[in-house]
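In: Any chance you could fold what I've pasted below:
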Amino acid sequence: MEEIERWFHDLRIAKRSTQKTDDLTYLLDIDCIKSPTGQSSHLVAVSCSNHCIRVYNKQTLALVQQFQGHSAPISGIRFAQTNSQLLYSASCDGTLKCWDVRSSSTDAVQIFKGYPNNAFTSFDISCDDLVICAGTEKIKEDTYMVFWDARSGTNTDYPGAQEPLGVYSETHNNDITQVRFHPSNPNMVASGSMDGLVNIFDISQETEDDALLATCNSDSSVSFIGWSGKQHQQIFCLTHDEGFFLWDLAHLHNDEPITLVKMQDARKSLKLDSGSLEYLIGGFYHKKADRLFVLGGSHMGKLHFLDCEAGGLAYMYSPRDGHSAIVRAFYWDPEDNSLLTCGEDSQLVLWKPNAIETTTENKPTMKLPSDMQIKMRVHGKSTYKSKK
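Out: Alright, predicted model coming up:
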C-alpha cells in the first residue's frame, strides 16, 4: 500500500499545453495511443467544445494535428487498439469518424453513419478493432445501440459512409451515456444510461435477448462505467449525482451477492484532508496494484485520488492545484505512472512523478456554459433494423 500511495503523492505537474489567451474552449474527453507493454504512450488526443479534435505530443504537449469535421458536440474519442495511427470520434451530429493521426490530411479516412435522427452520445471500439458500438439520445420513445463492422463496405444511401450492422433497441429507455467494450473479450460490451441501468452483452449471440447477460441498477443517471478486477469480471459505475457502484459478474451464477459496493453519494461519505469533493470524474483499474482507483474533483479544479476498498471509496491524496475549473477527463498511463487531465479551463496538464514544472501560472476560470448542457437533438421518426 505504501508503494501505491507513493505513486500519487509523487505526482507533480510536468507540462501544460500552451493556449492562446482568448481561447475559451473546453477540453471534454481524452485518450492516448495504446503502446506496447513497457512503453509509454507518445500521442494524446482531446475533444473540444468547438467540435474539433486536437492531437498532442504527450511528452512536450506540443500540438501535432487538429481535426475539424463534426458539426455538433463530440461525445467521445478513442484510439484504435491494434492500429495506433487511427483515431475515432463520435458526435451528436449523427456520425462517427476515423482519422489518420500520421497523415498530413485533415479529412476523415472513414465515416460511419447511423439511421436518420441518430444523435450519438457515447461510443467505443472492441479490443480487436473489428466492431464499433455507439449509443444514442432518446428521440420520442426510441433509444439505440448502433453497431458497425469497422471493415464493412460502403453504404449506398450515404456515399462514403459505412453501413451499420444493426441495433439493440429493447434494453434502455433513455439516453445511453456510456459504452465500454471489455478490455480483452471483443464480444462483451457494457452500456450505461440515464435510465440508471448498466447492461452487459455478449454480442456473439444472434438476438438482443440472448445477448443480454446482466442488468445492474444504479437507481440514478449513469455518468461513467469501466471494467475492473484481474480478469476484468467486475464492472463499476459512477452516476450524475456522484454515486459509486461496483458489481462482480463472476457471481451471476452462484449465490454470492453481485453488488460489492453501493454508495448513493460519495460526497456525503468521504472526509478529505484537502478541499472538498464536489464531483466524480472517472475511474481506472491498475493491473500492477490490482486495485480500482477513482478520481474526483472540485469546481475550482482540485483533484482527489480515491481508493476502492471493501464497502466503498476511501480518500487517498490530493495533488497541488493544476486546474482552475472543472476537470472533465483524465488518462492514467500505468507504464510510467503519469497522469493527463483536461477540463473547462482549456488546459491539458501532464503530471509525472517528481516532475518540475517550468511555469506554474493557472488560467482564469472559464465562464462559458458547460458543453454538457449543449445537445444537438434531431427530431423525426425513422425505421430501424434489429441487430442479428
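In: got any ranges where the protein has weak pLDDT?
Out: 1, 19-22, 35-41, 152-161, 358-388 (pLDDT under 70).
In: which parts of the longest helix seen in it are buried?
Out: Of all segments of type helix in the chain, defined using DSSP state H, the longest is helix 2-9. When burial is assessed from 16 or more other Cβ atoms under 10 Å, helix 2-9 yields the following buried residues: 4, 7-8. For glycine as for every other residue, the C-beta is placed from the backbone atoms N, C-alpha and C.
In: Looking at the residues you listed, which one is closest to Phe236?
Out: Phe236 has its nearest neighbour among these in Ile4, at 17.8 Å by Cβ to Cβ.
In: For that closest one, give its distance to Leu11.
Out: Ile4 sits 12 Å away from Leu11, going by Cβ to Cβ, to the nearest Å.
In: Same check on Pro183?
Out: The value you get for Pro183 to Leu11, if Cβ to Cβ is used, is 24 Å.
In: higher neighbour count, those two?
Out: Each of Pro183 and Leu11 has its neighbours counted (other Cβ atoms under 10 Å); Leu11 has more, 22 against 16.
In: in the sheet, who's paired with that one?
Out: Per DSSP bridges, residues listed as beta-bridge partners of Leu11: Pro353.
In: Does it touch Leu339 like I think?
Out: Yes. Using Cβ atoms under 8 Å, Leu11 makes contact with Leu339 at a distance of 6.1 Å.
In: what's the overlap in contacts for these two?
Out: Common contacts of Leu11 and Leu339, defined by Cβ atoms under 8 Å, 6 or more residues apart in numbering, comprise 351-352.
In: Now stretch 304-321: buried residues?
Out: 304-308, 312-313, 315-319, 321.
In: now do stretch 44-59
Out: 44-49, 51-56, 58-59.
In: how near is Arg78 to Ile30?
Out: Taking Cβ to Cβ, one finds Arg78 at 10 Å from Ile30.
In: Tell me how many other residues crowd Lys287.
Out: Neighbours of Lys287 using other Cβ under 10 Å come to 12.
In: I'd like to know how far the residue lying closest to it once chain neighbours are set aside sits from Ile4.
Out: Nearest residue to Lys287 in three dimensions, chain neighbours excluded: Pro334, at 6.6 Å (Cβ to Cβ, 6 or more residues apart in numbering). Per Cβ to Cβ, Pro334 is found 12 Å from Ile4.
In: Mind listing the shared neighbours of the two?
Out: His286.
In: Pull the contacting residues for Ser218.
Out: Applying Cβ under 8 Å, 6+ apart, the residues contacting Ser218 are 192, 196-198, 237, 239, 243, 245.
In: For the longest helix of the chain, name the packing helices and strands.
Out: strand 312-317 (3 or more Cβ pairs under 8 Å, 6 or more residues apart in numbering; DSSP states H and E).
In: Quick check: neighbours of the next helix or strand after the strand it packs on in the sheet, parallel or antiparallel?
Out: Toward the C-terminal end, the helix or strand that comes next after strand 312-317 (DSSP states H and E) is strand 327-333. Paired strands of strand 327-333, with direction, are strand 338-343 (antiparallel) (DSSP bridges).
In: which residues touch the strand it pairs with?
Out: 11, 14, 26-28, 30, 32, 40, 44, 46, 58, 301, 303, 322-323, 325-333, 348-353.
In: picking up where we left off before, now do the contacts for the residue nearest to Lys287.
Out: 286-288.
In: swap in His299?
Out: Here His299 is in contact with 278-279, 325-326 (criterion: Cβ under 8 Å, 6+ apart).
In: ditto for Ala329
Out: Ala329 neighbours (Cβ under 8 Å, 6+ apart): 27-30, 46, 281-282, 341-343.
In: just the contacts of Ser218 now: which is nearest Thr171?
Out: Leu197 (7.4 Å).
In: Quick one: neighbours of that closest one, just the number.
Out: Counted with other Cβ under 10 Å, the neighbours of Leu197 add up to 20.
In: For Ile30, see how far away it is.
Out: Distance from Leu197 to Ile30, by Cβ to Cβ: 26 Å.
In: again with Ile200
Out: 25 Å.
In: Then Val109?
Out: For Val109, the distance to Ile30 - Cβ to Cβ - is 21 Å.
In: what do you get for Val44?
Out: For Val44 relative to Ile30 (Cβ to Cβ), the value is 7 Å.
In: which residues do these two both contact?
Out: By Cβ under 8 Å, 6+ apart, the residues touching both Val44 and Ile30 are 331, 340, 348.
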